[in-house]
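Colleague: Give me a model of this one.
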Amino acid sequence: MHQQDIQNIVDAAYETADAIVGAREWRTAEDASDMRDVIFWELLAKQLPEMTVAQIVSELDPSDV
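Modeller: I've put the predicted structure just below:
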């Protein structure tokens with residue numbers, strides 16, 4: 001898989017997680033942040049099942065993740 005394809009999937013996962021978390025009220029900002037992280041990584045696991053987190057991060061600029 002090309003780096004741009006991976007970047008597109010990562011960007012879409014960020015947008016989706018942000019939209020889901022932003023659609024409801026949270027008790028604390030930490031709860032919202034934690035849920036966003038869970039959603040983000042679950043989306044990546046479904047879209048890139050053959051890649052580990054380390055592989056995804058190594059393919060991208062760490063400042064983008």
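Colleague: List the buried residues for the helix or strand hosting D18?
Modeller: For D18, the element it lies in under DSSP states H and E is helix 3-22. For helix 3-22, a neighbour-count test (16 or more other C-beta atoms under 10 Å) marks 6-7, 9-10, 13-14, 17, 21 as buried. All C-beta atoms are positioned from the backbone trio N, CA, C, and that covers glycine.
Colleague: check contacts around Y14.
Modeller: By C-beta atoms under 8 Å, 6 or more residues apart in numbering, Y14 lies in contact with F40.
Colleague: re the thing from before, tell me the one of the buried residues of helix 3-22 nearest L44?
Modeller: A13 (5.3 Å; C-beta to C-beta).
Colleague: The closest one and L44 touch, don't they?
Modeller: Yes. A13 is in contact with L44 according to C-beta atoms under 8 Å; the separation is 5.3 Å.
Colleague: what helix or strand is the most centrally placed residue in the chain on?
Modeller: Geometric centre of the chain, nearest residue: F40, 3.1 Å, by C-alpha atoms, centre = their mean. Counting by DSSP H and E, the element that carries F40 is helix 29-47.
Colleague: Could you measure from E42 over to Q4?
Modeller: Computed as C-beta to C-beta, to the nearest Å, the E42 to Q4 distance reads 22 Å.
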